[in-house]
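Participant: Fold the following and give me the result.
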Amino acid sequence: MDYIKFIPLYGNCHKLEYATALSSGIDLKAYIKDADGNPTYTVIDPCGRLLINTGYSCKLHQNFEGQIRSKSGLALKHGIQVLNSPGTIDADYEQAIGVILHNTDAYNHYRVNDGDKIAQFVISPVSRDPEYLSENKRNGGFGSTGK
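Facilitator: Prediction:
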(Lines give C-alpha, C1' and ligand atoms only; values in the text may rest on other atoms or scores of the structure.)
Protein backbone atom coordinates (compact mmCIF):
# COMPACT_ATOMS: atom_id res chain seq x y z
CA MET A 1 0.00 0.00 0.00
CA ASP A 2 1.77 3.13 -1.15
CA TYR A 3 -0.91 5.47 0.25
CA ILE A 4 -0.49 4.34 3.87
CA LYS A 5 2.22 2.95 6.10
CA PHE A 6 1.39 1.62 9.55
CA ILE A 7 4.17 2.14 12.08
CA PRO A 8 4.32 -0.15 15.13
CA LEU A 9 5.05 1.82 18.29
CA TYR A 10 6.16 -1.23 20.26
CA GLY A 11 8.08 -4.40 19.46
CA ASN A 12 5.17 -6.70 20.22
CA CYS A 13 2.26 -5.09 18.33
CA HIS A 14 -0.55 -7.26 17.02
CA LYS A 15 -0.48 -7.94 13.30
CA LEU A 16 -2.75 -5.73 11.19
CA GLU A 17 -4.75 -7.55 8.57
CA TYR A 18 -7.98 -7.63 6.65
CA ALA A 19 -10.38 -10.34 7.91
CA THR A 20 -11.08 -11.49 4.35
CA ALA A 21 -9.73 -10.73 0.89
CA LEU A 22 -12.69 -8.40 0.19
CA SER A 23 -12.94 -6.65 3.58
CA SER A 24 -13.12 -2.85 3.33
CA GLY A 25 -11.42 -2.21 6.65
CA ILE A 26 -8.26 -3.40 8.33
CA ASP A 27 -9.04 -4.82 11.78
CA LEU A 28 -7.58 -2.77 14.62
CA LYS A 29 -6.77 -4.64 17.82
CA ALA A 30 -6.46 -3.42 21.38
CA TYR A 31 -2.92 -3.00 22.64
CA ILE A 32 -3.20 -3.31 26.43
CA LYS A 33 -0.08 -4.31 28.37
CA ASP A 34 0.87 -4.11 32.01
CA ALA A 35 4.06 -2.38 33.24
CA ASP A 36 6.11 -5.50 32.41
CA GLY A 37 4.74 -5.73 28.86
CA ASN A 38 2.42 -8.65 29.58
CA PRO A 39 -1.05 -8.79 27.97
CA THR A 40 -3.82 -7.53 30.22
CA TYR A 41 -7.27 -5.95 29.88
CA THR A 42 -9.34 -2.90 30.69
CA VAL A 43 -13.04 -2.46 31.45
CA ILE A 44 -15.53 0.01 29.99
CA ASP A 45 -18.18 0.96 32.54
CA PRO A 46 -21.89 0.86 31.66
CA CYS A 47 -22.65 3.88 29.42
CA GLY A 48 -18.94 4.75 29.67
CA ARG A 49 -16.31 5.52 27.08
CA LEU A 50 -12.61 4.78 26.97
CA LEU A 51 -9.69 5.53 24.67
CA ILE A 52 -8.07 2.24 23.63
CA ASN A 53 -4.52 2.15 22.26
CA THR A 54 -3.83 0.13 19.09
CA GLY A 55 -0.04 0.19 19.32
CA TYR A 56 0.31 1.83 15.89
CA SER A 57 0.66 5.20 14.26
CA CYS A 58 0.42 5.69 10.52
CA LYS A 59 1.67 7.84 7.69
CA LEU A 60 -0.99 8.57 5.07
CA HIS A 61 -0.54 9.96 1.59
CA GLN A 62 -1.81 13.57 1.54
CA ASN A 63 -4.85 12.68 -0.58
CA PHE A 64 -6.19 10.03 1.82
CA GLU A 65 -7.68 9.76 5.29
CA GLY A 66 -8.22 6.87 7.66
CA GLN A 67 -11.73 6.26 8.94
CA ILE A 68 -12.15 4.32 12.17
CA ARG A 69 -15.45 2.48 12.23
CA SER A 70 -17.31 0.24 14.63
CA LYS A 71 -17.24 -3.54 14.32
CA SER A 72 -20.80 -4.65 13.58
CA GLY A 73 -20.49 -7.77 15.75
CA LEU A 74 -19.40 -5.76 18.81
CA ALA A 75 -22.24 -3.30 18.26
CA LEU A 76 -24.92 -5.99 17.86
CA LYS A 77 -23.77 -8.45 20.53
CA HIS A 78 -22.44 -6.08 23.19
CA GLY A 79 -23.52 -2.50 22.37
CA ILE A 80 -19.89 -1.43 21.86
CA GLN A 81 -19.39 1.35 19.30
CA VAL A 82 -16.71 3.73 18.12
CA LEU A 83 -18.08 6.87 19.79
CA ASN A 84 -17.26 9.38 17.04
CA SER A 85 -17.83 6.93 14.22
CA PRO A 86 -16.31 7.27 11.84
CA GLY A 87 -13.28 8.63 13.61
CA THR A 88 -10.97 10.50 11.26
CA ILE A 89 -7.23 10.07 10.94
CA ASP A 90 -5.95 13.02 8.89
CA ALA A 91 -2.91 12.73 6.63
CA ASP A 92 -0.90 15.01 8.92
CA TYR A 93 -1.69 13.05 12.11
CA GLU A 94 1.29 10.88 13.00
CA GLN A 95 0.70 10.09 16.67
CA ALA A 96 -0.68 6.88 18.18
CA ILE A 97 -3.94 5.61 16.76
CA GLY A 98 -6.47 5.41 19.56
CA VAL A 99 -10.06 4.23 19.35
CA ILE A 100 -12.76 5.80 21.52
CA LEU A 101 -15.05 2.92 22.46
CA HIS A 102 -18.48 3.55 23.99
CA ASN A 103 -20.41 0.97 25.98
CA THR A 104 -24.08 1.67 25.23
CA ASP A 105 -25.25 -0.95 27.78
CA ALA A 106 -26.67 0.77 30.86
CA TYR A 107 -26.12 -2.23 33.17
CA ASN A 108 -23.13 -4.32 32.12
CA HIS A 109 -19.41 -3.62 32.10
CA TYR A 110 -17.49 -4.60 28.96
CA ARG A 111 -14.03 -6.15 29.17
CA VAL A 112 -11.51 -5.33 26.42
CA ASN A 113 -8.60 -7.78 26.30
CA ASP A 114 -5.22 -7.20 24.73
CA GLY A 115 -5.49 -8.36 21.11
CA ASP A 116 -9.29 -8.05 20.83
CA LYS A 117 -10.56 -6.68 17.53
CA ILE A 118 -12.05 -3.30 18.46
CA ALA A 119 -12.58 -1.37 15.21
CA GLN A 120 -11.93 -1.20 11.48
CA PHE A 121 -9.60 1.22 9.68
CA VAL A 122 -10.89 2.17 6.23
CA ILE A 123 -8.68 4.15 3.85
CA SER A 124 -10.58 6.75 1.86
CA PRO A 125 -9.63 9.41 -0.72
CA VAL A 126 -10.01 13.08 0.25
CA SER A 127 -10.72 16.14 -1.89
CA ARG A 128 -9.91 19.63 -0.59
CA ASP A 129 -10.76 23.10 -1.82
CA PRO A 130 -7.33 24.77 -2.27
CA GLU A 131 -8.84 28.16 -1.36
CA TYR A 132 -9.09 27.06 2.28
CA LEU A 133 -5.77 25.32 2.73
CA SER A 134 -3.38 26.78 5.28
CA GLU A 135 0.14 26.12 6.51
CA ASN A 136 -1.03 25.38 10.07
CA LYS A 137 0.78 22.50 11.72
CA ARG A 138 -1.03 19.84 13.73
CA ASN A 139 -0.41 20.05 17.44
CA GLY A 140 -1.91 16.77 18.68
CA GLY A 141 -5.13 14.87 18.26
CA PHE A 142 -8.57 14.34 19.81
CA GLY A 143 -9.78 17.92 19.55
CA SER A 144 -6.42 19.64 19.10
CA THR A 145 -7.56 21.61 16.03
CA GLY A 146 -10.88 22.78 17.52
CA LYS A 147 -11.82 25.29 20.18
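
Participant: for the residue lying farthest from the centre of the chain, helix, strand, or coil?
Facilitator: Distance from the C-alpha centroid of the chain, by Cα atoms, centre = their mean, peaks at residue 131 (30.0 Å). Using DSSP: H, G, I helix; E, B strand; the rest coil, the secondary structure recorded for residue 131 is helix.

Participant: same thing with residue 74?
Facilitator: Residue 74 - assigned by three-state DSSP - is helix.

Participant: which one is it nearest to, not counting chain neighbours?
Facilitator: Leaving aside its sequence neighbours, residue 74 sits nearest to residue 80 (Cβ to Cβ, 6 or more residues apart in numbering; 4.1 Å). To be clear about C-beta, it is placed using only N, CA and C from the backbone, and glycine gets the same treatment.

Participant: partners of the longest strand belonging to the chain in the sheet?
Facilitator: The strand that spans the most residues within the chain, counting by DSSP state E, is strand 117-125. Take DSSP bridges as the rule and strand 117-125 pairs in its sheet with strand 26-29 (antiparallel), strand 64-69 (antiparallel).

Participant: Tell me which residues touch the one residue sitting closest to the centre of the chain, please.
Facilitator: By Cα atoms, centre = their mean, the chain has its centre lying nearest to residue 99, at 3.9 Å. Residues in contact with residue 99 (Cβ atoms under 8 Å, 6 or more residues apart in numbering) are 28, 51, 52, 54, 68, 82, 87, 118, 119.
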